[in-house]
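Undergrad: Please find the sequence and the predicted model below.
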Amino acid sequence: MININKLLSELLYDPKDPVLFNSAFFFYFFAMFLLCYLAVSKSKTARVWVYTVFSLFFFYKACGYYVGLVILSAIVDFNLSRWIHRTPSRTVKKSLLIFSILLNIGLLFYFKYTDFFIGIINDLSAGHISPLHLMLPIGISFYTFENLSYTIDVYRDEIKPVNNFMDYLFFLSFFPKLMMGPIVRAADFIPQISMPYRLNSEDMGKGMYLIMGGLFKKIVISDFIYQNFVQFIFDDPSKHTGLECLIGVYGYALVIYCDFSGYSDMALGIARWTGFKIPANFDSPYQSSSITEFWRRWHISLSSWLRDYLYIPLGGNRKGKVRQFINLALTMLIGGFWHGASWNFIFWGALHGTALAVDKVRIDWLKKKKTVITGWKATLLKVAGVLITFHFVCFCWVFFKASTFHDAWALIHQVMFDFQPGIAMELYNGYTAVFWIIILGFVLHFLPAKAEFSIERLLGRIPVAGSVAIMVTFIWLLVQVKSTQPMMPIYFQF
């Protein structure tokens with residue numbers, strides 16, 4: 001009886017211990033899911049039901065009864081999209097689309113931004129409206145954008161709405177990407193549902209590489225650096241020297257990349273093992289030589305979503321340079337606000353929007369000059385561009401991470417006016433393991449893509465039994481080095 005009660009308690013949502021990709025519960029969950037999925041792999045309908053049920057349970061384990069919001073969102077947008085498609089009147093179509101947008105944005109706004117605007121109202125009018133202290137449903141920013149892109153694409157006649165509700169619920173609740181993305185578009189995903197399930201050596205190798213690489217990024221690099229160094233710096237920057245603060249910023253650049261891209265890689269790998277290919281969300285972003293290139297490589301699903309459903313509808317670059325700069329600024333401001341209800345995120349978005357506008361001026365100037373730079377000069381410019389872009393991104397990360405503007409400026413002040421390079425050896429001796437993990441993280445990040453392809457091909461040649469042995473051994477090794485207290489993924493808050 002005790003064991004049964006313990007098992008039942010494990011199946012219930014625990015707000016203090018939500019399920020994570022790197023939690024022990026997830027490995028049992030995933031093993032059970034794979035067994036059930038493979039058992040019904042020849043039936044499309046059964047695959048959809050098994051995947052959807054496990055996805056909804058996974059989401060329940062992550063955020064409790066807020067799983068109902070995913071189901072409600074699916075019901076509303078499934079029916080609205082079909083209504084939009086069947087209606088001949090353009091006016092009615094547009095009205096239904098606006099209704100869908102208002103519902104989705106309204107739901108997101110209520111949970112994510114209500115307290116933020118209550119605070120603004122209280123500050124402006126000396127009011128005393130009590131904050132609601134709403135718990136933010138995990139993944140709401142991601143599946144809201146997926147709903148919006150779906151109904152907008154149906155309105156634009158770019159895709160036809162699905163006829164089977166379970167197909168749409170499956171798409172929206174697909175657990176590998178449900179909580180932290182990537183933001184997957186229905187046009188890319190839904191056609192794959194009806195394809196027969198086949199797993200070849202390429203899928204096996206690619207999936208294993210992505211899952212193991214994602215776990216390594218998250219547990220060995222991100223969690224270790226954050227828990228043993230970075231969090232101390234950002235908790236109170238004024239207590240640390242400028243050198244410590246600067247290394248803390250470099251560390252955080254690696255932390256947020258390895259944390260988010262690690263989860264994205266695991267999502268891609270799990271999807272690949274179950275017969276689905278979803279677009280990559282990161283492409284070695286710190287190798288970028290311009291801020292424009294950075295946003296083609298960082299959080300690709302969000303930046304492309306903002307481009308296609310916000311920047312271009314605002315006018316893009318079709319209405320003159322001034323309007324283009326305004327559109328860029330608005331897009332990045334909204335992108336910053338998407339990340340959270342905080343002036344820090346808005347300022348972070350404004351910095352990137354301004355940088356993108358300046359970079360557009362640079363690109364247009366180079367096009368007009370028609371100057372082609374080759375040889376060592378091109379290499380030097382490339383390296384300089386990478387260094388400048390990386391340090392600008394790191395500067396912006398300060399505002400993204402810091403709790404308040406005061407903390408952000410305190411950190412910058414320490415770097416500029418209290419650097420104290422003389423403590424370098426003392427600092428190294430105190431945080432030797434952290435510094436070597438940071439170096440390892442950046443070395444791995446700057447590896448050429450062909451090295452990754454070679455590893456994937458090698459893993460793909462290993463028999464199934466050998467692959468299982470490698471995965472079990474790898475997970476066992478991670479358990480030995482992981483911290484006793486798992487770090488909550490950074491993008492859970494978004």
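TA: Noted; the coordinates are in hand. What you see is a predicted model; the values in this text were computed from it and never measured. Numbering: from 1, shown residues only.

Undergrad: What's the local residue count around residue 39?
TA: Residue 39 sits with 11 neighbouring residues when counted by other Cβ atoms under 10 Å. (C-beta placed from N, C-alpha, C; glycine too.)

Undergrad: So for it, what's the pLDDT?
TA: pLDDT recorded at residue 39 is 94.

Undergrad: Please apply the same query to residue 2.
TA: Per the predicted model, pLDDT is 50 at residue 2.

Undergrad: what does residue 33 give?
TA: For residue 33, pLDDT reads 94.

Undergrad: from what I can see it touches residue 52, true?
TA: No: under the criterion of Cβ atoms under 8 Å, residue 33 is not in contact with residue 52, lying 11.3 Å apart.

Undergrad: Any buried residues in stretch 228-247, and which?
TA: Buried positions in stretch 228-247, judged by neighbour count with 16 or more other Cβ atoms under 10 Å: 229-234, 237, 240-247.

Undergrad: what do you get for stretch 208-216?
TA: 208-216.

Undergrad: which stretches of the stretch 201-350 of the chain aren't confidently modelled?
TA: For the stretch 201-350 of the chain, no stretch has pLDDT under 70.

Undergrad: what about the helices in it?
TA: Counting by DSSP state H, counting those that start in this stretch, one finds helices in the stretch 201-350 of the chain at the ranges 201-215, 224-225, 231-235, 242-273, 291-297, 300-306, 321-339, 343-369.

Undergrad: ok so, going back, out of the buried residues of stretch 228-247, who's nearest residue 282?
TA: Distances from residue 282 to the buried residues of stretch 228-247, taken as Cβ to Cβ, are shortest for residue 230 (19.5 Å).

Undergrad: What separation do you get for the closest residue to residue 350 other than its chain neighbours and residue 184?
TA: Excluding its sequence neighbours, the residue lying closest to residue 350 (Cβ to Cβ, 6 or more residues apart in numbering) is residue 333, at 5.7 Å. Counting by Cβ to Cβ, to the nearest Å, the separation of residue 333 from residue 184 is 25 Å.

Undergrad: These two: which is more packed in?
TA: Shown here are residue 333 and residue 184; by other Cβ under 10 Å, residue 184 has more neighbours (27 against 18).

Undergrad: Identify the residues contacting residue 261.
TA: 214, 217, 281-282 (Cβ atoms under 8 Å, 6 or more residues apart in numbering).

Undergrad: With distance to residue 121 added, can I get the residues you listed in CSV?
TA: Below are the contacts of residue 261 laid out as CSV (distance: Cβ to Cβ, whole Å):
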residue, distance to residue 121
214, 42
217, 41
281, 36
282, 38
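
Undergrad: farthest-separated two in those residues?
TA: Maximum pairwise distance among those (Cβ to Cβ): 12.5 Å, between 217 and 281.

Undergrad: Helix or strand: which one has residue 390?
TA: In this assignment (DSSP states H and E), residue 390 forms part of helix 375-401.

Undergrad: Could you identify the helix or strand that succeeds that helix?
TA: helix 405-417.

Undergrad: By residue count, tell me the biggest helix in the protein.
TA: helix 90-125 (DSSP state H).

Undergrad: Which neighbouring elements make contact with that one?
TA: On a contact count with 3 or more Cβ pairs under 8 Å, 6 or more residues apart in numbering; DSSP states H and E, helix 90-125 meets helix 67-86, helix 140-155.

Undergrad: buried sites along that helix?
TA: 93, 96-97, 100-101, 103-104, 107-108, 111-113, 115.

Undergrad: Give me the distance between residue 120 and residue 129.
TA: From residue 120 across to residue 129, the span is 10 Å (Cβ to Cβ).

Undergrad: Could you do residue 275 as well?
TA: Distance, residue 275 to residue 129, by Cβ to Cβ: 50 Å.

Undergrad: With residue 237 instead?
TA: Residue 237 is 32 Å from residue 129, by Cβ to Cβ.

Undergrad: With residue 56 instead?
TA: 35 Å.

Undergrad: Domain-wise, how is this structure divided?
TA: 15-193, 201-493 (automatic domain parsing).

Undergrad: Now do the longest one: distance to the chain's middle.
TA: By that I understand domain 201-493. With Cα atoms, centre = their mean, to the nearest Å as the basis, domain 201-493 stands 10 Å off its chain's centre.

Undergrad: dump the residue contacts of residue 228.
TA: Listed by Cβ under 8 Å, 6+ apart, the contact set of residue 228 reads 431, 433-434.

Undergrad: Looking at those residues, which is nearest residue 370?
TA: residue 434 (47.5 Å).

Undergrad: Can you report how many residues neighbour that closest one?
TA: 20.

Undergrad: again, but for residue 292
TA: Under the neighbour criterion other Cβ under 10 Å, residue 292 is assigned a count of 15.

Undergrad: Tell me which residues touch it, please.
TA: Applying Cβ under 8 Å, 6+ apart to residue 292 gives the contacts 356, 359-360, 363.

Undergrad: Narrow those residues to those that are buried.
TA: Neighbour counting by 16+ other Cβ under 10 Å classes 356, 359-360 among the contacts of residue 292 as buried.

Undergrad: now those as TSV including pLDDT and distance to residue 77?
TA: TSV is the format used below for the buried ones among the contacts of residue 292 (pLDDT from 0 to 100; distance: Cβ to Cβ, whole Å):
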residue	pLDDT	distance to residue 77
356	94	31
359	93	36
360	92	34
